[in-house]
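Novice: any chance you can model this:
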Amino acid sequence: MDHLTALEFDKILNMLSECAVSAVVRERCLRLTPSADLNEAARWIGETTQSKVIIEHVGTPPLANMAELQKIIGLLGIDVMLSPDQITNVSSFMASCRRMKDYLKKSESTGVDIAFYGGSIVDLAETEDELNRCIRGDQVDDRASQRLYDLRRGVAAKDDQIKSKLEAILRKNRELFSESFVAIRNGRYTLPVKKECRTRIEGALVELSNSGGTCFIEPASVRKIQDELNELRIEEDNEVRRILYYLSALIYDNLPVIRINIEAMETLDFVFAKAKLSVKMKASPIRLTEAREMRVLSARHPLLRREEAVPLDFMLGGDIAGVVVTGPNTGGKTVALKTVGLVALMAQGGLHVPADGLSSTCVFDKIMCDIGDGQSITENLSTFSSHMTNIIGILKDTTENSLILLDELGSGTDPAEGLGIAMAILEELLVKGCLFAATTHYPEIKEFAAVTYGLINARMAFDRESLMPLYKLEIGEAGESCALFIAERLGLPAHLLERARAISYAGMERQADNVDVAVNAGGGGALVGGETLVCGEALVSGDGARIDGGEVLVDGNGATVSGGGARKSGVFLEIKPLDIVEEAEVPVIIPRSQRFAVGDSVTVYPNKEIGIVYARANEKGEIGVQIKKKKMLINHKRLKIKVAAAELYPDDYDFSIVFDSVADRKARHLMGKRHVEGNVVTIDEKQV
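Specialist: Sure, this is the predicted structure:
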């Protein structure tokens, strides 16, 4: 399954094809390929917008079906005489071209460029009139020529003369005939004579009935008139053929113009098909931008009924390269991903999208996805193997101008290994510089997204009262699977819930390089759960103290646990006296922005420049960083500690040596001693 099919873009194209009139254009709609060229895609969207304006002001365009037209045109090239119905097909096309030209003439009042396409349609009114004069009801008309008119009058007269004679014979000799009507056999008028009366009617036997009881006799009295009638009919047929050749030649002479009109009508059919789809979806044009961003407002999945689809707001670009979407199962995460992908594909295909008109997007060179389980029995691929095969291919082809959509990242295998693979893939996408969105259930990935520059969390809203998903995407907030909550609301026994929580969260440890934990100080005593801990230089006894979910703690001097899993040093622990510990304070999470100290060597993303922190975070989470002697404020999410200040400088190091000029250091030194008139210290504005 290719990426466009996985996103169901083929279904959009099916809807588009149903809006086209001619079979050729319906096939063209099914082959529509999104353009990676911004100017081309913008031009296509403009054509769709203009066509929609015309439909809204003038009505549905009178486009030609053009059924069999190309086949007919091909026959003319080999000097074939067209049949009356084929000529009628051509004249009908000419009439449609004339009506379309008039329709576009009326549309010129809208002022859109498409309205002036009517100038490219050549009016063939004279040829159309001649074809219609000669052919009526898929037959060559009596008035197509004077000779044909005369011949057909002669045929009719001879015909009437024969019928009159035969009917007279029938009336006079009823007993001789098995039926009381004139019969035509082998193209000749006959009388149905009883077999036993055969000799009583002079004439030629033309045919016997199946039973042999009736002889169809052509009386001698009408044979001469019959021969004259047949001669007239031969002449009539020759005249009809002459007229058909004449009309075929007339069409052939106009073939270059007809081909131009066919091309114009097919083009108009295609652009108006896109406009009709826009009307059907109640869609709007989306603005294409050169900025590397995607800003979709109130978007609805185009394959869902409008009243059932929940509007989606989605943003990518700028400081945000990737969105990590979390939330409960059946909460609409996959629908959200497909909506984002379809919006981009439809825009690059020149289609309007069911979203707010203020939406905008850049043009992607590739839009790739891993959605669905992809399990294959014939290729012996498990769900996980299929995901990996697909994602490996995606990573290989991804460029900084790509849009990548990954559903249930890291699923289908061992959770610990799946988590590692998922985080590695997200890091690789960040390195490649593309825009991407991924859905997951891993809580660790939510934390990873929260502290990683270029990533942002999003969640699918969930109604805890009704236990129903709301299918609404909320950017900036991490979601939860809600499995335990749902189980509790549905009546799972309390002891099973407690056991489930214990199993689910036992041994979950925060990494010290991501989260700093501080427990308030005091003397020795017992912790929650009864495990004992001696402060100072001693080690934790037993299996180690645990708080709320089994976190193993270490003391402020970096001592290790004597019987359980060890924690990294640098996680500070001080113990309250026994009478205070009973209130069991919750560990305090230190904001990431506060973990940067003056003197830290940091990597600044996305350009990966190296800088030194000269000022701690302000209230906006901005850190003062000096890069190549230039000071600036940078959001903490764009920074990663390369080497901590404690490893680079002694505790009492004077950082003015690094950050101040010689003149400023002297000025500060004097300022510290006494007031000196005219003494000035220069401060970079970006430090403020």
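Novice: just the strands in the stretch 351-500 of the chain please.
Specialist: Using DSSP state E, counting those that start in this stretch, the strands assigned to the stretch 351-500 of the chain run over residues 360-361, 367-370, 403-406, 435-439, 455-463, 468-475.
Novice: any chance of the ones you listed in CSV with mean neighbour count and distance to R98 as columns?
Specialist: The way it works is simple: take the backbone N, C-alpha and C, and place the C-beta from them, glycine included. Listed next are the strands of the stretch 351-500 of the chain as CSV, based on neighbours: other C-beta atoms under 10 Å; distance: least, C-beta to C-beta, whole Å:
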stretch, mean neighbour count, distance to R98
strand 360-361, 22, 40
strand 367-370, 23, 42
strand 403-406, 26, 45
strand 435-439, 25, 49
strand 455-463, 20, 55
strand 468-475, 18, 50
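Novice: out of those, which gets nearest to I114?
Specialist: The closest of the strands of the stretch 351-500 of the chain to I114 is strand 360-361. By C-beta to C-beta, the value is 23.2 Å.
Novice: which outside residues touch that closest one?
Specialist: Under the contact criterion C-beta atoms under 8 Å, 6 or more residues apart in numbering, strand 360-361 has outside partners 286-289, 293-296, 343-344, 347.
Novice: before we move on, the earlier item: of all the strands of the stretch 351-500 of the chain, which lies closest to R200?
Specialist: That would be, of those and by C-beta to C-beta, strand 367-370, which comes in at 90.2 Å.
Novice: helices or strands up against the closest one?
Specialist: Judged by 3 or more C-beta pairs under 8 Å, 6 or more residues apart in numbering; DSSP states H and E, strand 367-370 is in contact with helix 3-6, helix 333-348, helix 383-397, strand 403-406.
Novice: 10 Å instead, please
Specialist: For strand 367-370, the packing partners by 3 or more C-beta pairs under 10 Å, 6 or more residues apart in numbering; DSSP states H and E come out as helix 3-6, helix 333-348, helix 383-397, strand 403-406, strand 435-439.
Novice: hang on, the earlier thing: the strands of the stretch 351-500 of the chain: which one's closest to V240?
Specialist: Nearest of these to V240, taken as C-beta to C-beta: strand 367-370 at 59.1 Å.
Novice: distance from the closest one to the middle of the chain?
Specialist: Put simply, strand 367-370 sits 11 Å off its chain's centre (C-alpha atoms, centre = their mean, to the nearest Å).
Novice: now do that strand, average pLDDT.
Specialist: Averaged across strand 367-370, pLDDT comes to 94.
Novice: just checking: what are the partner strands of that strand?
Specialist: Strand pairing for strand 367-370, determined by DSSP bridges: strand 403-406 (parallel).
Novice: okay if I get the helices and strands packed on strand 367-370 as JSON lines plus distance to L255 and mean pLDDT?
Specialist: What follows is the helices and strands packed on strand 367-370, written out as JSON lines (distance: least, C-beta to C-beta, whole Å; pLDDT from 0 to 100):
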{"stretch": "helix 3-6", "distance to L255": "38", "mean pLDDT": "92"}
{"stretch": "helix 333-348", "distance to L255": "37", "mean pLDDT": "93"}
{"stretch": "helix 383-397", "distance to L255": "46", "mean pLDDT": "87"}
{"stretch": "strand 403-406", "distance to L255": "46", "mean pLDDT": "96"}
{"stretch": "strand 435-439", "distance to L255": "50", "mean pLDDT": "94"}
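Novice: of all those, which one is nearest A424?
Specialist: Here helix 383-397 is closest among the helices and strands packed on strand 367-370 (C-beta to C-beta), at 10.2 Å.
Novice: mind saving the C-alpha coords of that closest one as CSV?
Specialist: Taking C-alpha atoms only, helix 383-397 is exported to CSV below (Å, rounded to 0.1, in the frame of the first residue of the first chain):
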residue,chain,number,x,y,z
THR,A,383,2.7,-6.0,12.4
PHE,A,384,6.0,-4.8,13.9
SER,A,385,8.0,-6.0,10.9
SER,A,386,5.7,-4.2,8.6
HIS,A,387,5.9,-1.0,10.6
MET,A,388,9.7,-1.2,10.6
THR,A,389,10.0,-1.9,6.9
ASN,A,390,7.8,1.0,6.1
ILE,A,391,9.5,3.4,8.5
ILE,A,392,13.0,2.4,7.4
GLY,A,393,11.9,3.3,3.8
ILE,A,394,10.4,6.6,5.1
LEU,A,395,13.6,7.6,6.9
LYS,A,396,15.7,6.8,3.8
ASP,A,397,13.6,9.1,1.6
